[in-house]
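Enquirer: Okay, structure incoming, though there's no sequence with it:
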């Protein structure tokens, strides 16, 4: 799988460990930066990572920062991105099964690297369940594309008679 990764200074050390972990597992990695632990602004590195997923250049993305919150917000500004902030095994699994999350956000200051690597492996291995969850993802896509709440309602209930 080809995976993009982007972080600010707070996530830099974890980013380096994650890249090595991904490459050892046979994945291709697009490193969107940052390239040092010098203070930096996360949108500059997170948005290009998310954009690579949205354009189909990479299959998934990983974004990192201190808490992961700002990075998730930034990634979710990119049309077509469903970025999930995950902090344990269950949130990682459910973000894939129920939300078809295509970008994972991690807080490097709040989770150990051992847990991050386990969360990452679960997230990468977990498929999307589809079914009723696919309808909900379509509703989000509809809204994001300008269909508004009315378009979402039609997806949920069927076309008006």
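Expert: Looks like it came in fine. Here the structure is a predicted model, which means the values were calculated and not measured.
Enquirer: where does the protein have low pLDDT?
Expert: For the chain, applying pLDDT under 70 flags the ranges 159-161.
Enquirer: Which strand residues bridge the most centrally placed residue in it?
Expert: The centroid of the chain falls nearest to residue 103 when counting by CA atoms, centre = their mean (1.3 Å). Taking DSSP bridges, one obtains residue 61, residue 83 as the residues bridged to residue 103.
Enquirer: so how far is residue 147 from it?
Expert: Distance, residue 103 to residue 147, using CB to CB, to the nearest Å: 22 Å. Heads up, the C-betas are built off the backbone N, CA and C, glycines and all.
Enquirer: The residue nearest to the centre of the chain contacts residue 80, doesn't it?
Expert: No - using CB atoms under 8 Å as the test, residue 103 is too far from residue 80 to be in contact (10.0 Å).
Enquirer: Excluding chain neighbours, what is closest to residue 19?
Expert: In space, and not counting its chain neighbours, residue 19 is closest to residue 29: 5.2 Å by CB to CB, 6 or more residues apart in numbering.
Enquirer: Surely the one you found touches residue 16?
Expert: No - using CB under 8 Å, residue 29 is not in contact with residue 16; the gap is 10.9 Å.
Enquirer: the more surrounded of the two?
Expert: Taking neighbours as other CB atoms under 10 Å, residue 29 and residue 16 compare with residue 29 leading, 19 against 15.
Enquirer: to the chain's geometric centre, what's the distance from the helix or strand harbouring the more buried one?
Expert: Taking DSSP states H and E as the criterion, residue 29 maps to strand 28-31. Distance, stretch centre to chain centre, for strand 28-31: 14 Å (CA atoms, centre = their mean, to the nearest Å).
Enquirer: next structured bit after that strand?
Expert: Note on strand 28-31: by DSSP H and E, the next helix or strand toward the C-terminus is helix 43-54.
Enquirer: Pull out the buried residues from that next one.
Expert: For helix 43-54, the buried set under the neighbour-count rule, 16 or more other CB atoms under 10 Å, comprises 43, 45, 46, 47, 48, 49, 50, 51, 52, 53, 54.
Enquirer: Identify the residues contacting the third one.
Expert: Residues in contact with residue 46 (CB atoms under 8 Å, 6 or more residues apart in numbering) are 6, 7, 8, 32, 63, 65, 71, 74, 75.
Enquirer: And the strand holding residue 29, what does it pack against?
Expert: strand 2-7, helix 12-24 (3 or more CB pairs under 8 Å, 6 or more residues apart in numbering; DSSP states H and E).
Enquirer: and of the ones you listed, who's closest to residue 90?
Expert: Residue 90 sits nearest to helix 12-24 of all the helices and strands packed on strand 28-31, at 20.1 Å, using CB to CB.
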